[in-house]
Structures are given as structure tokens and as C-alpha cells.
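Asker: Below are the sequence and a predicted model for it; my questions follow.
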Amino acid sequence: MAETFPTTPLVHRRAGAAAPTADGPGVLSGIAAIDQAAWCDLATRVVEPNGYYLRDWVIAANGDDAATRTLTAHDSIGRLIGVAPVLSCWRAFRLPLPALVSADLFRSLDTPLLDRGAADEAAAKLLAQARAAGARALVLRDVARDGEAVAAFTRVLAAQGLAPRLIRGWTRACLDATRDAEELLRDGLGAKKLKELRRLERRLGEHGEVGFTAARSADDAARAFDVFLALEDSGWKGRGGSSLKRQPELAARLRSAAVALASRGQCEVITLSAGTTPVAAGIVLRHGDRAYFFKLGIDESFARCSPGVLLTLALTRHLCADQEISFADSTASAQHPMIDPIWRGRFAVGDLVLPLRKRDPLFAPIVAVLSARDRLRHLAKRLLKR
């Protein structure tokens, strides 16, 4: 089936209805068409940060994919107050349903950006634009369930006699960076485990002095990103063909985005080294008072020293010492074996389906199909693990 996606509505208009104008609510813009300064300005005044929806990162992740569009909301004077990148349901799930789905190539965090001074207005206008585009539901995947953005959408829907439906909810590791790092690590790992990790760090030190760096300038981030690409490619992701280096166009776009964001203090590339040899590296996005641990690469020849764990310990100390950061999202899967024992906080995320019309006969079937797809997907994963 061919994909349908609105620059015109997703479903046919009733006879005699006016078509949306070029700047009307039924027309969804491509991500590159949104004014850069307006998007960056909105990012400074959001009710809830999301580093994965910073403009440079969204454009890098999606490239020239014309299927990715953007729901936008403006206030009475034309200022951008809401942004939510979306895909058609066919593009996202290969399901021919009249729904829009939040877009995020890496399934990291899809919380829309809403102006903190007009969060409800922004949420209402994003929903209205999705409705005008012909959608019968808006699916927000990997969204912060207890965050201010979902609260705004919930209030707007409640005023219309509607409510979001949760398809699946889970939690993942997060860090309360307001705490003392040593106290946090001691409480989480215990004295015995920390002693073992110090022993592993001494073993790593036999190959050269162990050092941690956080590259935050544009030039430093560019060099460190290349180190990260090489380390990630050297491991199982490279052997399986899924490392970023095996996707050179995507890797180049993300590298450019990381450099641009680093120049604005919104990205840092972290590296753990033994002497002059990098043994682990990761990408950390920053937005407002939050940090987001995107990806990690390690040199598997040092696996006995647990370089990924040691890098995460160093990152924990780094973030807890940073007065600008109060919270960090691991962006890890639920019950992740490496980071869960270190970052003991839990961040509630989930997939929500938002209705767009009262008493819509299509909404329940949309929820049922998406729920069934989710159950089958996770059943297949469990069977493959066996």
C-alpha cells in the first residue's frame, strides 16, 4: 500500500468542505521548513525539555526523509509555541490507520516541545492541527508519562470530554544529579561492588593513566565524535552492521548536529582513556537542566576492565558536579543490565494514543490494532531471546 501523508488531509474531506490553505491548520510542514531561530527560541522556554527534539538533532536523525512532518502551534502574534515531529501510521508501523505518530528514529524520547507560558494552548493547537490534517488519533511514543507536556495534553483533552489511552508503559534508569555522586553510587552499588570497580580501574590503569574527558567545544566534540564512531564500530554493533559508522550518511549528519549543539552547550562527547588509548566513549545531549545519555561505544579488548561501567561512573560524577544539570535520562531499555544498578532512579515513559474527536467510532479500533501490534512485537522478542 502506498503511504499517505498530509500536505493535504489524511482522509477525504466531506463534499463542499474548503481545502486547507498553504498556511492553514491542515497543512503539515517538513521539519526543515520550520524557522530555525523560532525553533531554537522555543527550546529555551519549554515546559519540559527534550534533547532529542532540538532542531539540529531532529533534522540530523531524519535527514531528507520527506515522510517526516511537523505539527506546529503559534500564538496570536505568530510566535512558535509548540513542535511535534510526526509520521503517518503507515510509515511508522506499516499499518493503514488514520493516525499520526511521533517521529524519532532512535525511539529515545518523543515528548513534544511546548511553551511553558502557553503549554495548554500549544497542546490544543497541535491536536487541532492533527485533526485538521485528517488524523483520528495522535500517537505519542516513548513519551514522559508523568511530565508537564503529557499533563498539558491531558488537561486539554479532559476539557473536551476525552482522555489519552496508554498502550504500554515502562520505566528506565535515570539519575538525580542534585545528589552527591559518591553517596549516590555507594547507596546504589554498595561498598563491595565499588571496591571491585576500583580494582578494575586500577587494572585499566596498567595500560596508562585513566582519564575522563567531556568534549564540549565544537572542535573537541568533532574529534571526540570520531573516536566514539570508531569504538562503537569496533564492537558487536559493527560486526552486526548496525553501528553508526556502517551508516555513513546518518553518522555524518549526527556528527554535524553534535558539533553544532556543542557550540551552544547542548551536547558533549565523553571519553574514558587509558593513557592515550580511548577505551569507551558516549554521546550526551543537554537541554535545560536535563542530560540524555544517547549512545555508548567501548573497546572490547578491554572488556575485563568493564570500560562502559567505568565511563558511566565517571559520567555520574561529572553530571552530579554540574550545577546546571539536575536530572539525566539514561535513554536505556527497561531493566538494562549495565546502567540500572548504577542509576537507581526510574523514569516513567510510555506509548500514548490521544483521541482527536468525541465519540469517534474509529478511535477504539485504532487503539485495539496498536495494542495488538505491541503485544505481538514483544512476544516475538521474547521468543527470539529463547
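Answerer: Structure received.
Asker: isn't Ala257 right up against Trp57?
Answerer: Yes: between Ala257 and Trp57 there is a contact under Cβ atoms under 8 Å: 5.2 Å. Quick note: C-beta positions are derived from backbone N, CA and C, even for glycine.
Asker: Please identify which of those two sits among more neighbours.
Answerer: Set side by side, Ala257 and Trp57 show more neighbours around Trp57, with 27 against 22, by other Cβ atoms under 10 Å.
Asker: which residues are in contact with the strand or helix carrying the more buried one?
Answerer: Using DSSP states H and E, Trp57 sits within helix 55-62. Residues outside helix 55-62 that contact it (Cβ atoms under 8 Å, 6 or more residues apart in numbering): 31-32, 34, 36, 39-40, 43, 51-52, 68, 85, 103-106, 250, 253-254, 256-257, 260-261, 285.
Asker: among those, which ones are buried?
Answerer: In those, burial by neighbour count holds for 31, 34, 39, 43, 51-52, 68, 85, 103-104, 250, 253-254, 257, 260-261, 285, counting by 16 or more other Cβ atoms under 10 Å.
Asker: Mind checking which of the residues you listed land in strands?
Answerer: Judged by DSSP state E, the buried ones among the contacts of helix 55-62 include Pro85, Leu285 as members of strands.
Asker: Could you pull up the mean pLDDT of stretch 325-336?
Answerer: If you average the pLDDT over stretch 325-336, you get 96.
Asker: Can you tell me the SS state at Ile325?
Answerer: Ile325 falls in the coil class when you classify it by DSSP: H, G, I helix; E, B strand; the rest coil.
Asker: returning to that earlier point: next structured bit after the helix holding Trp57?
Answerer: Downstream of helix 55-62, the next assigned helix or strand under DSSP H and E is strand 69-74.
Asker: neighbouring strands for that following strand, and are they parallel or not?
Answerer: Next to strand 69-74 in the sheet, as set by DSSP bridges, lie strand 29-30 (antiparallel), strand 80-88 (antiparallel).
Asker: Please state the offset of that strand from the chain centre?
Answerer: 18 Å (Cα atoms, centre = their mean, to the nearest Å).
Asker: Keeping just the C-alphas, turn that strand into CSV.
Answerer: Taking C-alpha atoms only, strand 69-74 is exported to CSV below (Å, rounded to 0.1, in the frame of the first residue of the first chain):
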residue,chain,number,x,y,z
ARG,A,69,6.4,16.3,9.0
THR,A,70,5.9,18.6,11.9
LEU,A,71,2.9,19.6,13.9
THR,A,72,3.4,23.3,14.9
ALA,A,73,1.5,25.7,17.1
HIS,A,74,1.7,29.5,17.1
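Asker: List the contacts of that strand.
Answerer: When contacts are defined by Cβ under 8 Å, 6+ apart, strand 69-74 is touched by residues 5-7, 28-31, 33-34, 80-87, 100, 112, 121-126, 129-130, 138.
Asker: How about Ser29: what's its closest non-neighbour residue?
Answerer: Of all residues not flanking Ser29 in the chain, Thr70 sits nearest, at 5.2 Å (Cβ to Cβ, 6 or more residues apart in numbering).
Asker: Next, count neighbours for Asp120.
Answerer: Residues lying near Asp120 (other Cβ under 10 Å) number 16.
Asker: what's the neighbour count on the nearest residue to it once chain neighbours are set aside?
Answerer: Closest residue to Asp120 apart from its sequence neighbours, by Cβ to Cβ, 6+ apart: Ala152 at 5.2 Å. Neighbours of Ala152 under the rule other Cβ under 10 Å: 25.
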